[in-house]
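Chemist: Sequence plus the predicted model coming up.
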Amino acid sequence: MIERVAFIAMHTSPLLLPGRGDAGGMNVYLDQIARTMVRRGVAVTVFTRRTDPDLPIVTEVVPGYRVVHITAGPLERQPVSELVAYVPEFSDNVIAWIRARDETYDLVHSHYWLSGRTGVRVKRALGIALANSFHTLGKVKDASRSTTEMTSLPERLLTEEEVIASSDCVIASTPFEFDDLLEHYSASPERLCVSPPGVDHSVFRPGDRRAARSGLGFGNERIVLYVGRIQSHKGTHTAVDTLAQLPEYLEKGGGPTVLHIVGGASGTDGEDELERSLATIATHGLENRVRWIDPVPHATLVKHYQAADVVLMPSRSETFGLVAAEAQACGIPVVASNTGGLPYVVKASETGLLVDGHDPRSFAAAVRAILDHPSFARRLSTEAEAFSQRFSWDATARRMLELYEGITA
């Protein structure tokens, strides 16, 4: 029986607000899985890198779920490319922290490629099983990058291969990621498992659109919503370009079409993506039709979903697509790229629309198909909320514990 699990998340903490810096869907995943595991009687310790001298060494989130801040490198945030040099120090300090307290864990579960390298070291030092979730894969991202993005670090690609070979189980979010691991990394099928992330349906659920808009100070405009970090591979600039293809006033309905962007610049190309987006806004005179909104906690984010007419996800790569799952749980149709795990999350023509390629005109056509046809939008909304029920954190944790039992037996 699984009683204690160590999570490794070197580059980002589950305590951070998603949408800024390196915080995104993985942070939500870590936090929700840890909370759900605790409710099932499993204690979870998350080891992450200390980025602030004022952070306590240990933060108890809820009884049984704690975050341990491990010193490795400067006590400040660093880009992922700089963190590679501190992996040995981080790994050694995680192992030392565990040994100094004579703690035991049933297994270690690493998240992302950087943490995977630490996971391998912890596995070997403590003689326990290793599960790994990549959340994104370097070779898959490289295959779909825009011309403005840098390719993956060589260290990343080599580490991913090492982690795959050394893990007792590599957990894919969808069958599509499972196939990517086979195709791009020649992973052994018997070491691959599938466990989709979930949605907190107590938070993300349908609500009154008029009330949500009133509470947020919005009017009766048609709202196209983008939620996520401002990055090239997330398609922020494509979202802005899509708005430029939409008329200010639709043929049917009242009020201008506006784009709300909830998120902040992230990663090495975040500021460049923001600048490209601002340039397009200026070129097309969209200043009054784009609203930039800082990252917000889930209690407020749900109101943004409920206030929207459609959620736009023009990503170049998505292992899963948590935003799409959350939006659909709120009954909001999604227009998303037909890439990565998004076809698993969005049921084409039933809960939303999937778009091949990255042409803003194609995304605009899909958005208009929803905004210009209220009966179609209502049908998508009803199906989206129903379909979203297949994703829950309880189901994710249950499947995860089954996998843990299998690799520790």
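Modeler: Great, that's in hand. Residues are numbered from 1 along each chain as shown.
Chemist: can you pull out the strands in the chain?
Modeler: For the chain, strands defined by DSSP state E occupy the ranges 4-8, 43-49, 58-62, 65-70, 107-111, 129-133, 169-172, 192-194, 222-227, 257-262, 290-293, 310-313, 334-337, 352-355.
Chemist: need those in TSV with mean neighbour count and distance to L181, can you?
Modeler: All C-beta spots, glycine's among them, are computed from the backbone N, C-alpha and C. Output for the strands of the chain, formatted as TSV (neighbours: other Cβ atoms under 10 Å; distance: least, Cβ to Cβ, whole Å):
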stretch	mean neighbour count	distance to L181
strand 4-8	23	19
strand 43-49	24	24
strand 58-62	13	31
strand 65-70	20	28
strand 107-111	27	15
strand 129-133	25	11
strand 169-172	23	6
strand 192-194	18	6
strand 222-227	25	27
strand 257-262	22	31
strand 290-293	17	35
strand 310-313	28	23
strand 334-337	28	20
strand 352-355	24	22
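Chemist: Figure out which of those strands is closest to S392.
Modeler: Between S392 and these, the tightest spacing by Cβ to Cβ is seen for strand 192-194, at 15.5 Å.
Chemist: Which strands or helices does that closest one pack on?
Modeler: With contacts defined as 3 or more Cβ pairs under 8 Å, 6 or more residues apart in numbering; DSSP states H and E, the packing partners of strand 192-194 are strand 169-172, helix 175-185.
Chemist: And those: which comes nearest Y86?
Modeler: Using Cβ to Cβ and comparing the helices and strands packed on strand 192-194, the one that lies nearest Y86 is strand 169-172, at 23.9 Å.
Chemist: before we move on, the earlier item: columns mean pLDDT on top of the strands of the chain, output as JSON lines?
Modeler: Conversion of the strands of the chain to JSON lines gives the following (pLDDT from 0 to 100):
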{"stretch": "strand 4-8", "mean pLDDT": "98"}
{"stretch": "strand 43-49", "mean pLDDT": "98"}
{"stretch": "strand 58-62", "mean pLDDT": "98"}
{"stretch": "strand 65-70", "mean pLDDT": "98"}
{"stretch": "strand 107-111", "mean pLDDT": "98"}
{"stretch": "strand 129-133", "mean pLDDT": "98"}
{"stretch": "strand 169-172", "mean pLDDT": "97"}
{"stretch": "strand 192-194", "mean pLDDT": "95"}
{"stretch": "strand 222-227", "mean pLDDT": "97"}
{"stretch": "strand 257-262", "mean pLDDT": "97"}
{"stretch": "strand 290-293", "mean pLDDT": "97"}
{"stretch": "strand 310-313", "mean pLDDT": "98"}
{"stretch": "strand 334-337", "mean pLDDT": "98"}
{"stretch": "strand 352-355", "mean pLDDT": "98"}
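Chemist: As TSV, these with distance to V346 would be great.
Modeler: Supplementary listing: the strands of the chain in TSV, determined by distance: least, Cβ to Cβ, whole Å:
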stretch	distance to V346
strand 4-8	28
strand 43-49	30
strand 58-62	31
strand 65-70	31
strand 107-111	24
strand 129-133	21
strand 169-172	18
strand 192-194	18
strand 222-227	14
strand 257-262	19
strand 290-293	23
strand 310-313	8
strand 334-337	5
strand 352-355	4
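Chemist: Nearest to R213 among those strands would be which one?
Modeler: Nearest of the strands of the chain to R213, taken as Cβ to Cβ: strand 222-227 at 7.9 Å.
Chemist: Can you say which of the helices and strands packed on strand 192-194 is packed in most?
Modeler: strand 169-172 (a mean of 23; mean count of other Cβ atoms under 10 Å).
Chemist: what are the pairing partners of it, and which direction each?
Modeler: For strand 169-172, the paired strands and their directions (DSSP bridges) read strand 129-133 (parallel), strand 192-194 (parallel).
Chemist: who touches that strand?
Modeler: Contact partners of strand 169-172, identified using Cβ atoms under 8 Å, 6 or more residues apart in numbering, comprise 129-134, 163-164, 178, 180-181, 187, 191-195, 400, 403, 406-407.
Chemist: Outline the domain layout of the protein.
Modeler: Recorded structural domains for the chain (assignment: automatic domain parsing) are 4-198+392-408, 209-390.
Chemist: what does stretch 207-224 contact?
Modeler: The set of residues external to stretch 207-224 that reach it, using Cβ under 8 Å, 6+ apart, is 239, 242-243, 246, 250, 253-260, 302-304, 306-312, 330, 367, 371.
Chemist: Now the terminal residues of that stretch, how far apart.
Modeler: According to Cα to Cα, to the nearest Å, stretch 207-224 extends 17 Å from its N-terminal end residue to its C-terminal end residue.
Chemist: Now it: buried residues?
Modeler: Within stretch 207-224, the residues that qualify as buried are 207, 209, 212-213, 216, 218, 221-224, counting by 16 or more other Cβ atoms under 10 Å.
Chemist: Kindly report the same for stretch 73-88.
Modeler: Going by neighbour count (16+ other Cβ under 10 Å), the buried part of stretch 73-88 is 73, 78, 80, 83-84, 86-87.
Chemist: Go through those residues and name the one nearest D31.
Modeler: Of those, the one sitting nearest to D31 (Cβ to Cβ) turns out to be V80, at 19.9 Å.
Chemist: Pull the contacting residues for G138.
Modeler: Listed by Cβ under 8 Å, 6+ apart, the contact set of G138 reads 113, 152-153, 156-157, 160.
Chemist: whoops, I mixed them up, G267
Modeler: The contact partners of G267, taken as Cβ under 8 Å, 6+ apart, are 22, 79-80, 229, 231.
Chemist: Just the closest of the residues you listed to S146, please.
Modeler: Nearest to S146 out of these is Q231 (Cβ to Cβ; 10.1 Å).
Chemist: L286: neighbouring residues, count only.
Modeler: When neighbours are counted by other Cβ atoms under 10 Å, L286 registers 20.
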